[in-house]
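[1] Sequence first, predicted model second:
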Protein chains: 2
Amino acid sequence: MSGADLSRLSLNTATVKHADLRTAVDAAASAGYGAVGLWRDRVQEVGAERAARIVAEAGLRVSSLCRGGFLTAADDAGVEAALDDNRRAIDEAATVGTRELVFVVGGLSGSSPGGPPGAATDRDLVATRSRVADRLAELAPFAEARGVRIALEPLHPVFAADRAVISTLAQALDLAAPFAPGAVGVVVDTYHVWWDPELRAGVARAGREGRLACYQVCDWILPLASDALLSRGHVGDGYVDFAAVTTWVADAGYRGDVEVEIFNETVWDAPVAATVATVAERWERHVAPHLAPSPGAGMRLLDAPGERP
Amino acid sequence: MSGADLSRLSLNTATVKHADLRTAVDAAASAGYGAVGLWRDRVQEVGAERAARIVAEAGLRVSSLCRGGFLTAADDAGVEAALDDNRRAIDEAATVGTRELVFVVGGLSGSSPGGPPGAATDRDLVATRSRVADRLAELAPFAEARGVRIALEPLHPVFAADRAVISTLAQALDLAAPFAPGAVGVVVDTYHVWWDPELRAGVARAGREGRLACYQVCDWILPLASDALLSRGHVGDGYVDFAAVTTWVADAGYRGDVEVEIFNETVWDAPVAATVATVAERWERHVAPHLAPSPGAGMRLLDAPGERP
């Protein structure tokens, strides 16, 4: 243990996929982390109320619940099922004690993750994106009434067909725009957005609009895993410029927890304590030094319209 | 043979990777194609002047030469080597008789395609993109003097680390903006840009600005091949909405050849005649019906500033 300040570091439970909730929470707390990000599977195993107690008794915060979404269905039954599941996710977020519910909105209707298009696949991306806006209008009031924010996560365009038709931060912000900043926000996950030439502007806009709900870090590594979803690497192992992106996020006024969320078979096979130590070490080296806003950034933020304190 | 009008269909030689130039050209001409897109390896095997004769004697046009670029090096020797190679590519384009030289600009300096980052990898994406602008300023006058246009190709963000730091059409247009439309244009390749929420606006802008240099079609298929570069499928086999994108391209005023460029081991292993027939059949079904501009699109184009006839 280095004794560094890890109070803004959050362990997303997906990073230690094979650990149950208590094991993950205890490992994060022992290492000095300030928070955990919870996946719904780990919450549902013990129930949301008990999950809340496990985290609170360890002295941690819940930085986010992952995940709602998958609401691109075009048929009535699919729409109703998605709305029902997302209302449950919103209630779970409120119960575990987080304001931020991460939304991965889903791919083209009829697509199956990672598989070839089926006969029923709808290739109309414009219409699919429009349905996402419709579903948000139905869910946002329900979330807002429970003190939960829908945090729209743009996914890397490699997942546009089968997992998320939101591909850029600007697009997520446009979809969030009709709603209050407390009802619909956005996620910045370095793996998904690092390549975006408009990223700096998008992060600044998210800050100005008060919608920067969650900052997640992990690296883009090559070669891609056979399942691209599992190609996420430890911070520092790949191509992401964490100094730049973290500075932009800090300058946009983000003062929340920073989640480390890594899907990677090799990481999952490592002992939990080793993973938690590596995550902390990489965070100290590549992320923490850049979390203080640049001189003048706060002034610029306060000058900008629409910011929140 | 269906007897359909294939006069705007162009066979990119990469689609029949294992065929030499004459075999590819003869297959395209026999099937009734109007053009071929040439890769430099096939041109260099016979020499640019002889390549020009082979295509002309078959009665075809050269829709583009692929490819220049890879100019993101940060060191003096790397910069000079890139400039030298690109000047040769510009001369080859002029000699084979095409106006359009496709540019894949290269990835992060020090990265190797598909491999892990090395110690020398520069993760500063902003600076890398800035170097692309500098190299364009050095090459554009040379190209323009030879009647060749540098056609910037945005590549799918899955290739941002190791192959092309131009990831969107808007970014390509911003990089092209300082130069005359006849000196620097852009490529729309469905595989690379289909996911972009700003694609329709970008295609329209490319048309207004007179920079729509090349339209290439192939499909986004899943699961990804182990080398993502080889995950391109025949039109209709994947997730791309060719009706929508082709209509946008037609409405933007594009009247040039449409290249089919497929990197795919299975396609490469098929007999050349079979591939050429499949390409033609898919083109007739999914692309050709949408190449006529929508009613009023021409009027809108003529109303817009900066268009070319």
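    Now that the structure is in, tell me what you want to look at.

[2] quick check, residue A:101 in a helix?
    No - counting by DSSP: H, G, I helix; E, B strand; the rest coil, residue A:101 falls outside a helix, being strand.

[3] Tell me what it is bridged to.
    When assigned by DSSP bridges, residue A:101 has beta-bridge partners residue A:65, residue A:150.

[4] Could I get the contacting residues of it?
    Residues near residue A:101 by CB atoms under 8 Å, 6 or more residues apart in numbering or on different chains: A:64, A:65, A:67, A:68, A:89, A:90, A:93, A:143, A:148, A:149, A:150, A:151. Using the backbone N, CA and C atoms, a C-beta is placed for each residue, glycine as well.

[5] nearest to residue B:235, of those residues?
    Distances from residue B:235 to the contacts of residue A:101, taken as CB to CB, are shortest for residue A:67 (33.7 Å).

[6] Tell me the secondary structure at the closest one.
    strand.

[7] contacting residues around residue A:85?
    Contacts of residue A:85 were listed using CB under 8 Å, 6+ apart, and they are A:68, A:70.

[8] so which helix or strand takes in it?
    Residue A:85 is part of helix A:76-96 when elements are defined by DSSP states H and E.

[9] roughly how far out does that helix sit from the chain middle?
    Distance, stretch centre to chain centre, for helix A:76-96: 17 Å (CA atoms, centre = their mean, to the nearest Å).

[10] And residue A:6, how close does it get to residue A:236?
    Relative to residue A:236, residue A:6 is positioned 16 Å away (CB to CB, to the nearest Å).

[11] Of these two, which one has the most company?
    residue A:6 (23 against 17; other CB atoms under 10 Å in any protein chain shown).

[12] ok, the more buried one touching residue A:280?
    Yes - if you go by CB atoms under 8 Å, residue A:6 and residue A:280 touch, sitting 5.8 Å apart.

[13] Find residues that contact each of these two.
    Contact criterion CB under 8 Å, 6+ apart; residues shared by residue A:6 and residue A:280: A:31, A:32, A:33.

[14] ok, the last one - contacts?
    This points to residue A:33. Contacts of residue A:33 (CB under 8 Å, 6+ apart): A:6, A:9, A:10, A:11, A:60, A:276, A:280.

[15] ok, whatever helix or strand the last one lives in near chain B or not?
    I take that to be residue A:280. Assigned by DSSP H and E, residue A:280 belongs to helix A:272-282. No - Helix A:272-282 lies out of reach of chain B by CB under 8 Å from any CB of the partner chain, never closer than 14.2 Å.

[16] Contacts for that helix, please.
    Contacts of helix A:272-282 (CB under 8 Å, 6+ apart): A:2, A:4, A:6, A:9, A:11, A:15-16, A:19, A:23-24, A:27-28, A:30-33, A:234-236, A:260, A:262, A:267, A:270.

[17] I'd like to know which of the residues you listed are part of strands.
    A:9, A:11, A:260 (DSSP state E).

[18] what sits against the last one?
    Yep, that's residue A:260 we're talking about. Contacts of residue A:260 by CB under 8 Å, 6+ apart are A:9, A:10, A:11, A:12, A:15, A:216, A:217, A:218, A:235, A:279, A:283.

[19] Please apply the same query to the first one.
    Neighbouring residues of residue A:9 by CB under 8 Å, 6+ apart: A:33, A:34, A:35, A:257, A:258, A:260, A:279, A:280, A:283, A:288.

[20] Tabulate those residues (a markdown table), appending pLDDT.
    Shown next, in a markdown table, are those (pLDDT from 0 to 100):
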| residue | pLDDT |
| --- | --- |
| A:33 | 98 |
| A:34 | 98 |
| A:35 | 98 |
| A:257 | 98 |
| A:258 | 98 |
| A:260 | 98 |
| A:279 | 98 |
| A:280 | 98 |
| A:283 | 97 |
| A:288 | 97 |
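
[21] Please work out the average pLDDT along the helix or strand residue A:207 falls within.
    Per DSSP H and E: residue A:207 is located in helix A:199-208. Helix A:199-208 carries an average pLDDT of 98.

[22] what comes up buried for it?
    Within helix A:199-208, the residues that count as buried by 16 or more other CB atoms under 10 Å in any protein chain shown are A:199, A:200, A:202, A:203, A:204, A:205, A:206, A:207, A:208.

[23] Just the CA coordinates for stretch A:136-153, please, in CSV.
    In CSV, the C-alpha atoms belonging to stretch A:136-153 read as follows (Å, rounded to 0.1, in the frame of the first residue of the first chain):
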residue,chain,number,x,y,z
LEU,A,136,-36.0,8.4,-22.7
ALA,A,137,-39.0,10.7,-22.7
GLU,A,138,-41.0,7.8,-21.1
LEU,A,139,-38.4,7.0,-18.4
ALA,A,140,-36.9,10.3,-17.4
PRO,A,141,-39.8,11.5,-15.3
PHE,A,142,-39.8,8.1,-13.5
ALA,A,143,-36.1,8.4,-12.8
GLU,A,144,-36.2,12.0,-11.7
ALA,A,145,-39.0,11.3,-9.3
ARG,A,146,-36.8,8.8,-7.6
GLY,A,147,-33.7,11.0,-7.5
VAL,A,148,-31.9,8.9,-10.1
ARG,A,149,-30.2,10.2,-13.2
ILE,A,150,-30.1,8.2,-16.4
ALA,A,151,-26.5,8.4,-17.5
LEU,A,152,-26.2,7.8,-21.2
GLU,A,153,-23.1,6.1,-22.2
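
[24] What residues of that stretch count as buried?
    Neighbour counts over stretch A:136-153 (16+ other CB under 10 Å) mark A:136, A:139-140, A:142-144, A:146, A:148-153 as buried.

[25] same check, this time on stretch A:22-42
    By 16+ other CB under 10 Å, the buried positions in stretch A:22-42 come out as A:22, A:24-29, A:31-40, A:42.

[26] how close does the residue of the stretch 1-150 of chain A found nearest chain B get to residue B:15?
    The nearest approach of the stretch 1-150 of chain A to chain B comes at residue A:123, 4.3 Å away (CB to the nearest CB). To residue B:15, residue A:123 is 22 Å away according to CB to CB.

[27] Who has more neighbours out of those two?
    Taking neighbours as other CB under 10 Å, residue A:123 and residue B:15 compare with residue B:15 leading, 28 against 23.

[28] That one: what's it in contact with?
    Per CB under 8 Å, 6+ apart, neighbours of residue B:15: B:260, B:261, B:262, B:267, B:275, B:279.

[29] nearest residue to it other than its sequence neighbours?
    residue B:262 (4.6 Å; CB to CB, 6 or more residues apart in numbering or on different chains).

[30] surely that neighbour meets residue B:218?
    Yes - assessed by CB under 8 Å, residue B:262 is found in contact with residue B:218 at 4.7 Å.

[31] Just to check, residue A:11 is in contact with residue A:37?
    Yes - the pair residue A:11 / residue A:37 is scored as a contact, 7.1 Å apart, by CB under 8 Å.

[32] Now do the shared contacts for the two.
    Residues touching both residue A:11 and residue A:37 by CB under 8 Å, 6+ apart: residue A:259.

[33] of the ones in strands among the contacts of helix A:272-282, closest to residue B:173?
    Minimum separation from residue B:173 among the ones in strands among the contacts of helix A:272-282 (CB to CB) is found for residue A:260, which lies at 36.0 Å.

[34] Is the closest one bridged to anything, and to what?
    Under the criterion used (DSSP bridges), residue A:260 bridges to residue A:11, residue A:217.

[35] how close does it get to residue B:192?
    Applying CB to CB to residue A:260 and residue B:192 gives a distance of 30 Å.

[36] All the helices of the stretch 201-309 of chain A, in order from the start?
    A:242-251, A:265-269, A:272-282, A:297-303 (DSSP state H, counting those that start in this stretch).

[37] I'd like to know which of these lies nearest to residue B:293.
    With CB to CB as the criterion, residue B:293 lies closest to helix A:242-251 of the helices of the stretch 201-309 of chain A, at 40.7 Å.

[38] Perfect, that will be all.
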